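# 3D model of this:
(one chain, ligands or ions: 1)
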Amino acid sequence: MTASRKNYRKKMIGNHKLSPETQMMGYGYDPALSEGSLKPPVFMTSTFVFESARHGKEFFELAYGKRQAAEGEEPGLIYSRINNPDLEVLEDRLALWEDAEKGLTFSSGMAAISTCLWAYLRPGDVIVYSAPIYGGTEFLIRNILPEFGIKSVEFEAGGDKPTLAPAIEEAKKLGRVAVIYTETPANPTNGLIDLHTCRDLADKLGEDTGHRPVIMTDNTFLGPVWQSPLEHGADIVIYSLTKYVGGHSDVVAGAAIGNMDVMGPVMGFRTILGTMCDPHTGWLLMRSLETLKLRMTAAAENAKQIAVYLRDHPKVKKVHYLGFLKEDHPSYHIFRDQCGGAAGSTFAFDIDGDEAAAFRVLDALQIIKLAVSLGGTESLMEHPFAMTHADVPDDVKVRLGITESMLRISVGVENADDLIADLAQALDAA
Ligand SMILES: *Cc1c(COP(=O)(O)O)cnc(C)c1O
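This next block holds a predicted model:
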């Protein structure tokens, strides 16, 4: 074996642990297997040729769990719905950010979410979930899961009273609580959820009832650079890779990451549902991962300047920016301990005006684009009440503070002064 073949999954130099941003350029890929190509080729193939019939048999035995892997044995390549080199390298790299054993990529964030829920929910079960939550997730839980006999109980993120414990008490009366599903920070309010509390309550429920729910956390807003939910109590961390990880608004993809014991059922369901990512998208995502930390750092720096500008603007009533949390706010300790004090670069703000005024601001933008989605190199703005959260019942929106005066901005990596100049002239139209 040559030195490079031994090094392609190196995690340490001596006793120095390598950082994910360093590893994104090489980890998990062995150039010797691809003619010395520095970058992984795109493996645009549906199927893989077996060296011999015996190899084919052994690969299937392992893939279908008919036997345990031998010491050092890697799963053989079979068929691109089951595995593909681009996805394997990408998944190994995603898992590094979370210090987890297994990453799986999907054709969209919703494919990741629905496959994870399908793997863990059965008729009669109850899912406890945080609000506000991504619109597609909300639709799945509120409208589709009940058709399969699955009930749900909601709890509010970022409130000043404990909301999860009462929600679990209510859920217990309805059936087996199988999943606690969280999104933190929540979109668009940036409400926070304490994952340590989730874990403590899930453990207690496990002791009381004999079934411990799986804790899933959608980490699309801050992760994986600013927040590591697995460290704080989540079992599975979920991403829309469409957002910060893809980062260029040119792919739709998702991921679920965790340790082998929880990811096993998700992997089995992905193989059968066929919700995996495709090799070309996987290749683009590897390219994106090389600049993930740079992009998220630059965007967060811009966002801080914009948040400060908006806070002092006479036509802005409130800026829902995590960096402005006061020390006496109940969420402050979660922000400090769980997000490492990182505020990210997507946040909402309330203008002094109604829907018409908010629309005038959006229609006046010259650089910032009027579009939903977030986490790309370019800045985007939208109106949550009428757009991303259109489907949430009005009374729920009002309860969660999503009003007609609210605008959401995803700050990109442009020059901050240019963005501020654009916001200044757009707010004149309010
Ligand atoms: C966009 C988004 C999703 C859904 O991801 P898709 O890739 O669009 O399917 C899920 N959660 C959050 C927080 C999102 O922003």
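# Look at whichever residue of the stretch 151-300 of the chain sits closest to the ligand and report its pLDDT.
Among all residues of the stretch 151-300 of the chain, Ser240 sits closest to the ligand, at 3.0 Å; criterion: C-beta to the nearest ligand atom. C-betas here are computed from N, CA, C, even on glycine. pLDDT, Ser240: 98.
# Quick check: bridge partners of it?
Going by DSSP bridges, Ser240 is paired in beta bridges with Gly254.
# and Glu207, how many neighbours?
9 (other C-beta atoms under 10 Å).
# Please apply the same query to Asp250.
Burial of Asp250 is recorded as 12 neighbouring residues (other C-beta under 10 Å).
# any idea how far Leu285 is from it?
Applying C-beta to C-beta, to the nearest Å, the value for Asp250 to Leu285 is 11 Å.
# Kindly report the same for Asp417.
According to C-beta to C-beta, Asp417 and Leu285 sit 31 Å apart.
# Which one of those two is surrounded by more residues?
Using other C-beta under 10 Å, the more surrounded residue of Asp417 and Leu285 is Leu285, with 26 against 11.
# who's in contact with the more buried one?
Counting by C-beta atoms under 8 Å, 6 or more residues apart in numbering, Leu285 touches Leu90, Thr105, Leu241, Val245, Gly246, Val251, Ala253, Cys277.
# Closest approach to the ligand from the stretch 1-150 of the chain, which residue is it?
Taking C-beta to the nearest ligand atom as the measure, the point where the stretch 1-150 of the chain comes nearest the ligand is Gly109, at 2.2 Å.
# what's near enough to touch that residue?
Counting by C-beta under 8 Å, 6+ apart, Gly109 makes contact with 134, 136, 218, 220, 238-243, 252-254.
# Pick the one among those closest to Ile334.
Set against Ile334, the nearest of those by C-beta to C-beta is Asp218 (15.7 Å).
# Just give the closest residue to that closest one, not the sequence neighbours.
Nearest non-adjacent residue to Asp218, counting by C-beta to C-beta, 6 or more residues apart in numbering: Glu183, 4.2 Å away.
# pretty sure that neighbour is touching Met216, no?
No: using C-beta atoms under 8 Å, Glu183 is not in contact with Met216; the gap is 9.4 Å.
# So between those two, which is more surrounded?
Neighbour totals were compared for Glu183 and Met216, and Met216 leads with 29 against 25 (other C-beta under 10 Å).
# is it fair to say the more buried one lies in a helix?
No: assigned with DSSP: H, G, I helix; E, B strand; the rest coil, Met216 falls outside any helix and is strand.
# how about it, what does it touch?
Cys116, Leu117, Val179, Ile180, Tyr181, Thr182, Ala234, Asp235, Ile236, Val237, Ile238.
# now swap in Ser379 and tell me
Neighbour list for Ser379: Ile367, Ile368, Lys369, Ile409, Ser410, Val411, Gly412, Glu414, Leu419 [criterion: C-beta under 8 Å, 6+ apart].
# can you give me the helices for the stretch 1-150 of the chain?
Secondary structure of the stretch 1-150 of the chain (DSSP state H, counting those that start in this stretch): helices located at 3-7, 20-23, 53-63, 85-98, 109-120, 135-139.
# Please name whichever of those is nearest to Arg295.
Closest among those, using C-beta to C-beta: helix 20-23, at 11.0 Å.
# Name the helix or strand of this structure that has the lowest mean pLDDT.
None of the helices or strands of the chain scores lower by mean pLDDT, DSSP states H and E than helix 3-7, at a mean of 57.
# Where does the closest residue to Gln366 other than its chain neighbours sit, in terms of helix or strand?
Distances taken as C-beta to C-beta, 6+ apart put Asp422 closest to Gln366, at 5.4 Å, once the chain neighbours are dropped. Taking DSSP states H and E as the criterion, Asp422 maps to helix 416-427.
# which residues touch that helix?
Residues from elsewhere that reach helix 416-427 (C-beta under 8 Å, 6+ apart): 301-302, 305-306, 309-310, 313, 315-316, 351, 361-362, 364-368, 379, 411-412.
# Looking at those, which are in strands?
Val316, Ile351 (DSSP state E).
# Pretty sure Gly135 sits against Lys397.
No: contact criterion C-beta under 8 Å: Gly135 and Lys397 do not qualify, at 11.3 Å.
# joint contacts of those two?
His389.
# need the least confident one among the helices of the stretch 1-150 of the chain, by mean pLDDT.
Mean pLDDT is lowest for helix 3-7 among the helices of the stretch 1-150 of the chain, at a mean of 57.
# so how far is the helix holding Asp422 from its chain's centroid?
Distance of helix 416-427 from the chain centroid (C-alpha atoms, centre = their mean, to the nearest Å) equals 29 Å.
# buried set for that helix?
Within helix 416-427, the residues that count as buried by 16 or more other C-beta atoms under 10 Å are Ala416, Leu419, Ile420, Asp422, Leu423, Ala426, Leu427.
# Of those, which is the nearest to the ligand?
Among the buried residues of helix 416-427, and counting by C-beta to the nearest ligand atom, the member closest to the ligand is Leu419, at 20.8 Å.
# per-residue pLDDT, the closest one?
98.
# Could you do Ala253 as well?
pLDDT at Ala253 comes out at 98.
# Can you report phi and psi for it?
Phi and psi for Ala253, reported as degrees, to the nearest 10, are phi -160, psi 170.
# Around the ligand, which positions in the stretch 101-250 of the chain sit nearby?
Taking C-beta under 6 Å from any ligand atom as the contact definition, the stretch 101-250 of the chain meets the ligand at Ser108, Gly109, Met110, Tyr134, Gly136, Glu183, Asn187, Asp218, Thr220, Ser240, Thr242, Lys243.
# got JSON lines for these, with distance to Phe48 too?
Shown next, in JSON lines, are those (distance: C-beta to C-beta, whole Å):
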{"residue": "Ser108", "distance to Phe48": "25"}
{"residue": "Gly109", "distance to Phe48": "28"}
{"residue": "Met110", "distance to Phe48": "28"}
{"residue": "Tyr134", "distance to Phe48": "35"}
{"residue": "Gly136", "distance to Phe48": "33"}
{"residue": "Glu183", "distance to Phe48": "37"}
{"residue": "Asn187", "distance to Phe48": "39"}
{"residue": "Asp218", "distance to Phe48": "33"}
{"residue": "Thr220", "distance to Phe48": "32"}
{"residue": "Ser240", "distance to Phe48": "29"}
{"residue": "Thr242", "distance to Phe48": "28"}
{"residue": "Lys243", "distance to Phe48": "31"}
